[in-house]
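Chemist: what shape does this take:
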Amino acid sequence: MKMKIKNVENVDIFLDVVLKCKGKVELVTQEGDILNLKSKLCQYVALSKMFSETKTDEIGDFDIIVYEPEDMNLLFDYLISG
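Modeler: Predicted coordinates:
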């Protein structure tokens, strides 16, 4: 299941939620690369690239792929509660 994430203000909390997911959570880059968001190396690469593109303290829109329905609910809860 692919979902678009917008305006992540607190990256640490977002990544904590990702790590709580049971299945894979992948980020799709603008170039079409797929990065495993549970990997610290991939987190570093993806986030450094996104921050360098936005030139702000906030990350804009990006797509993620979630494989487990309960993980989708976990991420929805995070997005709704902020």
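Chemist: okay, now the unreliable bits of the protein?
Modeler: 49-60, 82 (pLDDT under 70).
Chemist: quick one: the strands in it?
Modeler: Counting by DSSP state E, the chain has strands at residues 2-5, 25-28, 34-36, 62-66.
Chemist: in the first one, which residues are buried?
Modeler: Okay, so that is strand 2-5. Ile5 (16 or more other C-beta atoms under 10 Å). The way it works is simple: take the backbone N, C-alpha and C, and place the C-beta from them, glycine included.
Chemist: now swap in the last one and tell me
Modeler: Along strand 62-66, these residues count as buried under the neighbour rule (16+ other C-beta under 10 Å): Phe62, Ile64, Val66.
Chemist: now render those as a markdown table, adding distance to Leu47.
Modeler: A markdown table is the format used below for the buried residues of strand 62-66 (distance: C-beta to C-beta, whole Å):
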| residue | distance to Leu47 |
| --- | --- |
| Phe62 | 10 |
| Ile64 | 13 |
| Val66 | 18 |
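Chemist: closest one of those residues to Val18?
Modeler: Ile64 (8.3 Å; C-beta to C-beta).
Chemist: for the closest one, give the beta-bridge partners.
Modeler: With DSSP bridges as the criterion, Ile64 is bridged to Met3, Leu27.
Chemist: will you turn the strands of the chain into CSV that also has distance to Val18?
Modeler: Below are the strands of the chain laid out as CSV (distance: least, C-beta to C-beta, whole Å):
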stretch, distance to Val18
strand 2-5, 10
strand 25-28, 5
strand 34-36, 10
strand 62-66, 8
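Chemist: ok, the nearest residue to Leu19 once chain neighbours are set aside - contacts?
Modeler: The shortest distance from Leu19 to any residue other than its chain neighbours is 6.3 Å, reached at Lys38 (C-beta to C-beta, 6 or more residues apart in numbering). Contacts for Lys38 (C-beta atoms under 8 Å, 6 or more residues apart in numbering) come out as Val18, Leu19, Cys21, Lys24, Val25.
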